[in-house]
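> Sequence plus predicted model, see below.
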Number of protein chains: 2
Amino acid sequence: MSEEKYLQNYKKTLFESPLLTVDAVLFTYHQGDLKVLLIERSNHPEKGKWALPGGFVDEKKDRSLEDTVIRILKQKTSVEPPYIEQLYTFGGPDRDKRGWSVTISYTALIAHQACRSHIETVSNVDWMNVARAEKMELAFDHQQILYRARERLRQKALYSIVPAYALPETFTLPELQRVHEVIIGKPLQKKSFRRRIEQANLLIDTGEKRSEGGRPAALYRMREKSGDYTFVRNLEQ
Amino acid sequence: MSEEKYLQNYKKTLFESPLLTVDAVLFTYHQGDLKVLLIERSNHPEKGKWALPGGFVDEKKDRSLEDTVIRILKQKTSVEPPYIEQLYTFGGPDRDKRGWSVTISYTALIAHQACRSHIETVSNVDWMNVARAEKMELAFDHQQILYRARERLRQKALYSIVPAYALPETFTLPELQRVHEVIIGKPLQKKSFRRRIEQANLLIDTGEKRSEGGRPAALYRMREKSGDYTFVRNLEQ
DNA sequence: TTAATAGTGTCTTTTAGACACTATGGG
DNA sequence: CCCATAGTGTCTAAAAGACACTATTAA
């Protein structure tokens, strides 16, 4: 049989296949806390429980899995987050009551203000303190997904400046350090933190300053691709 | 409607869903080269091309995606590799001619001798030099998957001793260093390499020695969980 | 001037790089 | 004894930790 003939006769639906979803762990930083976006489920299964934003691949619209997660997050927040990274794919017979299922999970970061107004208008979507969310009973295995995203973000905070994507486009170094400290869970040496960022030339000084009751701090913006940079040495663990 | 009623009425096959597969990039080290396990496809689609070992989730047998990849690799090699790690999930409308598809890919490592005899008996399964495989036209997007696995392994070689799983259970430090050098693609400082492994106490001295034309080298085995250990500082990049 | 926060100088510590040295076995 | 390979000593270099110091603003 030729390949053409094979493909003509091939019917995907003939084979039983796990249920496939895409979920996102969207973090932000606001008022000293790391927060995660949760949705209160209005449909079965797991109706009424809080869950990570997620959904199905739309074979018509989506050209990639990243398209899917971006589409889902835009639905919930009205904006596209500046940082998205695939986290892990979870699969098993029991994680969803509908049967053997697989979810491709993503970690994303966004500035709180970028989607605040939109989220405030919707009742079943909300930012929740990560510490609190981790203790809650979330839908499906979303607690496990959140935990893994949290751990990965903690690692990234030790060897990259990816956490900067949880801040607005311009930010000060003390602000960025605070985000890292919240994620890592312990204070960092100011000098070490600043030295490595300066040496790697990851930020652009906007020339502006912002005052918070003391000496005004310089406002920076990320240089292109700075999220990809990894320091060769971790901060103290 | 109650959740029970919802679940009774739910039919997975009613919704179009991407084709789901699991693929493995199984590396080994043999005679100075990094090798990857490839299969010559005997069925459509992509019949006749070389591909990574892969297959479908078996909803009856598999309790997790890792079960799936282990089952697939056991079919091809007769043994279960000592190191398996999820790599990345690829998805899109064009990567498989049968339609929108998703593959969850894994990286695995095994000693060459552990499955040599079995592989030699099968005609369409073979170890191939990674450098050569990367230049070949593989089935589906397997070239891209291989490339990504190769990159991840290179990174791991800089901050872990994961490459040790490509060697037999006992090995010498010069052997391990050679594996790292092949993966990284450049020579390493003997002293630096040994010092960090000793300091982190990752290996157990078996007391045995092995001679290769000069002073005999001590034989080590990995300590439990040594594959999870990450050095805080990378080797030179 | 003081309080508060931003930012720097500089010494110490840690860990990798470089490379020469010693050690151990086989012919 | 010589060759080959294994393994060590030790100085240098790079980058983080510690912490005190200076700088800049508002009240």
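On my side now, so go ahead. Numbering: from 1, shown residues only, chains lettered A, B, ... in the order given.
> For the nearest residue to residue A:40 once chain neighbours are set aside, which residues are in contact?
Counting by Cβ to Cβ, 6 or more residues apart in numbering or on different chains, residue A:40 lies nearest to residue A:124, which is 4.1 Å off, once chain neighbours are set aside. C-beta: built from backbone N, CA, C; applies to glycine. Counting by Cβ atoms under 8 Å, 6 or more residues apart in numbering or on different chains, residue A:124 touches A:39-40, A:42.
> can you list the domains in chain A?
Domain ranges of chain A: A:18-156, A:164-228, per automatic domain parsing.
> Could you give the average pLDDT over the lengthiest helix in chain A?
For chain A, the helix reaching the highest residue count under DSSP state H is reported as helix A:142-159. Per-residue pLDDT over helix A:142-159 has a mean of 98.
> Next, the residues that contact that helix from outside, please.
A:23, A:25, A:27, A:36, A:51-52, A:87-88, A:90, A:103, A:105, A:107, A:130, A:133-134, A:136-138, A:162-163, A:179-180, A:183-185, A:230-231, A:233-235, A:237.
> from those, which ones fall inside strands?
Counted as lying in strands by DSSP state E, out of those, are A:23, A:25, A:27, A:36, A:51, A:87-88, A:90, A:103, A:105, A:107.
> Spatially central residue for chain A, please.
residue A:108 (2.1 Å; Cα atoms, centre = their mean).
> quick one: residue A:191 from chain B, how far?
18 Å (Cβ to the nearest Cβ, to the nearest Å).
> Let me know the secondary structure of that residue.
Here residue A:191 is helix, with the state taken from DSSP: H, G, I helix; E, B strand; the rest coil.
> What does the pLDDT read for it?
98.
> Excluding chain neighbours, give the residue nearest to residue A:54 in space.
residue A:23 (3.7 Å).
> Can you name the residues that contact that neighbour?
By Cβ under 8 Å, 6+ apart, residue A:23 lies in contact with A:52-54, A:103-106, A:142, A:145.
> How about the residues of chain A by DNA strand C?
Residues of chain A lying close to DNA strand C (Cβ under 7 Å from any atom of the strand) are A:172-174, A:190-191, A:194, A:212-218.
> still on that earlier bit, please identify the deepest-packed of the domains of chain A.
The highest mean neighbour count among the domains of chain A, using mean count of other Cβ atoms under 10 Å in any protein chain shown, belongs to domain A:18-156: a mean of 18.
> Could you check how far that one is from the centre of its chain?
Mean C-alpha position of domain A:18-156 versus that of the full chain (Cα atoms, centre = their mean, to the nearest Å) differs by 8 Å.
> Likewise for stretch A:209-226?
Taking mean C-alpha positions (Cα atoms, centre = their mean), stretch A:209-226 and its chain are 23 Å apart.
> does DNA strand D sit close to it?
Yes. Using Cβ under 7 Å from any atom of the strand, stretch A:209-226 reaches DNA strand D at A:209, A:211, A:213-216.
> Could you find the closest non-adjacent residue to the residue lying farthest from the centre of chain A?
Distance to the chain centre peaks in chain A at residue A:1, reaching 46.3 Å (criterion: Cα atoms, centre = their mean). Counting by Cβ to Cβ, 6+ apart, residue B:44 is the residue found nearest to residue A:1 once chain neighbours are left out, at 7.0 Å.
> quick one: secondary structure of the one you found?
Once three-state DSSP is applied, residue B:44 turns out coil.
> can I assume it is in contact with residue A:9?
No. At 9.8 Å, residue B:44 does not count as touching residue A:9 under the criterion of Cβ atoms under 8 Å.
> does the closest residue in space to residue A:173 that isn't next to it in sequence belong to a helix or a strand, and which?
The spatially closest residue to residue A:173, leaving aside those adjacent along the chain, is residue A:194, at 5.8 Å (Cβ to Cβ, 6+ apart). For residue A:194, the element it lies in under DSSP states H and E is helix A:190-200.
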